[in-house]
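Engineer: Coordinates for the following, if possible.
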Amino acid sequence: MTIAVHIRFPDNATDPATNLHYQCFLLLAAGYPEHHFIFLFDKPYPTGLITEKNITALLLPPQVKNPLLQHYWYNFKIPRLLNRYHADHFISNGPVCSLRTNIPQAMILHDLSFLDKKNLYTAAETRYLKKYFKRFVLKASVIAVTNHYVRNILAGMYPQSIDKIQVIGYGLKTYPAPLQEEALQHIKEKYSAGKEYFQVFVTDASIENTVVILKAFSAFKKRQLSNMQLILLVSAAQKEGFIPGFENYKYRDEVKIIVPENEAQERAITAAAYAAIYLPVINVHEDKGLLALSNNVPLLTCDNDLCKSLYHEAALYSPADEKQVAERMMLLYKDENLRNNLLHAGRSIAVTYTWDHTAGKLGQSLLDTAVQTA
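Structural biologist: Residues are numbered from 1 along each chain as shown. As a prediction, the model looks like this:
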């Protein structure tokens, strides 16, 4: 069987550790040496990515930079290539399909945020996906989703397609060893003068709730009179002026705004935190909350169906309201049993997020489809 898969590293990033398509199909190529895998890239890719002999890597320009190029790439470039290589299956990247081929296709979906009013897509991308998504769903032979929240939304929207929706899970980057207590204490001394701290993930999806968290931290400090610090992990693009009036914030000296230089620094700061806070306003899949769980850190996050489908009993949930967020922060600070229960549940959840499991579920879905269409 020949399987072609479109692999993209968004925003010019080429970190394969969190790329589902790359991780899963590299594992599948290693596990099924009798099958031929074609990795399709729409822009130059770094050398060293292809490690299995049964993988053919192809650069297929033009780079997909907008919906018009995407439509051309998927509906004109892809069908010709699939025919040339006698492909038996094609896996798209994102909530799209080729509408001009009859070869079985799979979509892999992390979320459906493009359907929401608030999303991280451009206006043109949103219009395109909303216009064609139903056709993509009906065209796909397999719709692999990373969580039950997306499955339930899709099943409600397109009940006729429920049998082809498969929950495959998601994988996390594995680390050689957990950070030891001495290393964690060194991180605290470096970033918070040796004091405990709440660590906040400030991303494009959660930046809107930063002021809510700062107000909650103020309420926490007034009631607890502790030396607890607050560390905001932000991107370089967000650092300048993203908090209105921060120069007048009463506890500004106890708030550190840090732009991680690399993934290792982000992981270290997260692992040393007393607790992590991640309050997205957009229903988008990000690794941040799972990063906390995988590093044995309790998580405070949004009280919504997407977060609950990812973290289950391993997180403390709150509406994005300063008083309620403050109450949860105080619970984490005062209730040792609650904190220990969250840590125990977090460890249990984190070990289920593996690329081996996700690749296995995805591979079985593709094989089942191949048998049905043979």
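Engineer: ranges for the helices of the chain?
Structural biologist: Secondary structure of the chain by DSSP state H: the helices cover 20-31, 67-72, 78-84, 123-139, 148-157, 181-192, 210-224, 236-239, 263-271, 288-294, 305-311, 322-334, 336-350, 355-373.
Engineer: What are the contacting residues of the first one?
Structural biologist: Yep, that's helix 20-31 we're talking about. Helix 20-31 is contacted by residues 3, 5-8, 16-17, 35, 37, 39, 49, 51-52, 54-55, 91, 93, 108, 110, 146, 170-171, 355-356, 358-359, 362-363 when judged by C-beta atoms under 8 Å, 6 or more residues apart in numbering. Where you see a C-beta, it was placed from the backbone N, CA and C, and this is true even at glycine.
Engineer: Only the buried members of those: can you turn that into a ChimeraX selection?
Structural biologist: Entered in ChimeraX, the line below selects the buried ones among those, by 16 or more other C-beta atoms under 10 Å:
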select :3,5,6,7,8,16,35,37,39,49,52,55,91,93,108,110,146,170,171,355,358,359,362,363
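Engineer: Among the contacts of helix 20-31, which lie within strands?
Structural biologist: Taking DSSP state E as the definition of strands, those contribute 3, 5, 6, 37, 39, 55, 91, 108.
Engineer: Which two of the residues you listed have the greatest separation?
Structural biologist: 55 and 108 (17.9 Å; C-beta to C-beta).
Engineer: gap between the residue in the chain sticking out farthest from the centre and residue 182?
Structural biologist: Distance from the centre of the chain peaks at residue 225, with 35.7 Å (C-alpha atoms, centre = their mean). Distance of residue 225 to residue 182, given as C-beta to C-beta, to the nearest Å: 29 Å.
Engineer: cool, residue 176 as well?
Structural biologist: Residue 176 is 17 Å from residue 182, where distance means C-beta to C-beta.
Engineer: Could you do residue 330 as well?
Structural biologist: Shown here: residue 330 relative to residue 182, a distance of 29 Å by C-beta to C-beta.
Engineer: Repeat that for residue 61.
Structural biologist: In terms of C-beta to C-beta, residue 61 sits 50 Å off from residue 182.
Engineer: Compare the two and say which is more crowded by neighbours.
Structural biologist: Between residue 61 and residue 182, residue 61 has the larger neighbour count (other C-beta atoms under 10 Å), namely 12 against 7.
Engineer: List the residues that contact the more buried one.
Structural biologist: Applying C-beta under 8 Å, 6+ apart to residue 61 gives the contacts 42, 43.
Engineer: cool, the one 3 residues further on as well?
Structural biologist: Residues near residue 64 by C-beta under 8 Å, 6+ apart: 8, 42, 70, 73.
Engineer: Closest to residue 337 out of those?
Structural biologist: residue 8 (44.5 Å).
Engineer: where's that closest one relative to residue 325, distance?
Structural biologist: Residue 8 is 35 Å from residue 325, by C-beta to C-beta.
Engineer: Would you mind listing where the chain has pLDDT under the threshold?
Structural biologist: Counting by pLDDT under 70, the low-confidence segments of the chain come to 10-15, 236-241, 370-374.
Engineer: now with 80?
Structural biologist: Low-confidence regions of the chain, defined here as pLDDT under 80, cover residues 10-17, 47, 175-177, 235-242, 370-374.
Engineer: Which segments of it make up each domain?
Structural biologist: Domain assignment for the chain by automatic domain parsing gives 2-171+354-373, 181-350.
Engineer: Contacts only, for the residue positioned nearest the centre of the chain.
Structural biologist: The structure's the chain has its C-alpha centroid closest to residue 286; by C-alpha atoms, centre = their mean the separation is 2.9 Å. Contact analysis of residue 286 by C-beta under 8 Å, 6+ apart lists 201, 203, 205, 278, 280.
Engineer: swap in residue 309?
Structural biologist: When contacts are counted by C-beta under 8 Å, 6+ apart, residue 309 touches 147, 148, 149.
Engineer: tell me the contacts of the last one?
Structural biologist: Right, residue 149. 283, 305, 306, 308, 309, 310 are the contacts of residue 149 under C-beta under 8 Å, 6+ apart.
Engineer: Quick check: closest non-adjacent residue to it.
Structural biologist: residue 309 (3.9 Å; C-beta to C-beta, 6 or more residues apart in numbering).
Engineer: so how far does stretch 219-228 reach from one end to the other?
Structural biologist: 12 Å (C-alpha to C-alpha, to the nearest Å).
Engineer: In it, which residues are buried?
Structural biologist: Under 16+ other C-beta under 10 Å, the buried positions of stretch 219-228 are 219, 220, 221, 228.
Engineer: want to try CSV for these, with distance to residue 260 as columns?
Structural biologist: Converted to CSV, the buried residues of stretch 219-228 look like this (distance: C-beta to C-beta, whole Å):
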residue, distance to residue 260
219, 27
220, 24
221, 25
228, 21
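Engineer: and residue 165, how many neighbours?
Structural biologist: By other C-beta under 10 Å, neighbour count at residue 165 equals 21.
Engineer: and if you look at the one 4 residues further on?
Structural biologist: Applying the criterion other C-beta under 10 Å, we find 20 residues in the vicinity of residue 169.
Engineer: ok, it - contacts?
Structural biologist: Taking C-beta under 8 Å, 6+ apart, one finds 146, 147, 352, 353, 354, 357, 358, 361 in contact with residue 169.
Engineer: try 10 Å
Structural biologist: When contacts are counted by C-beta atoms under 10 Å, 6 or more residues apart in numbering, residue 169 is found next to 20, 144-148, 352-355, 357-362.
Engineer: Over to residue 178?
Structural biologist: Applying C-beta under 10 Å, 6+ apart, the residues contacting residue 178 are 184, 271, 294, 295, 296.
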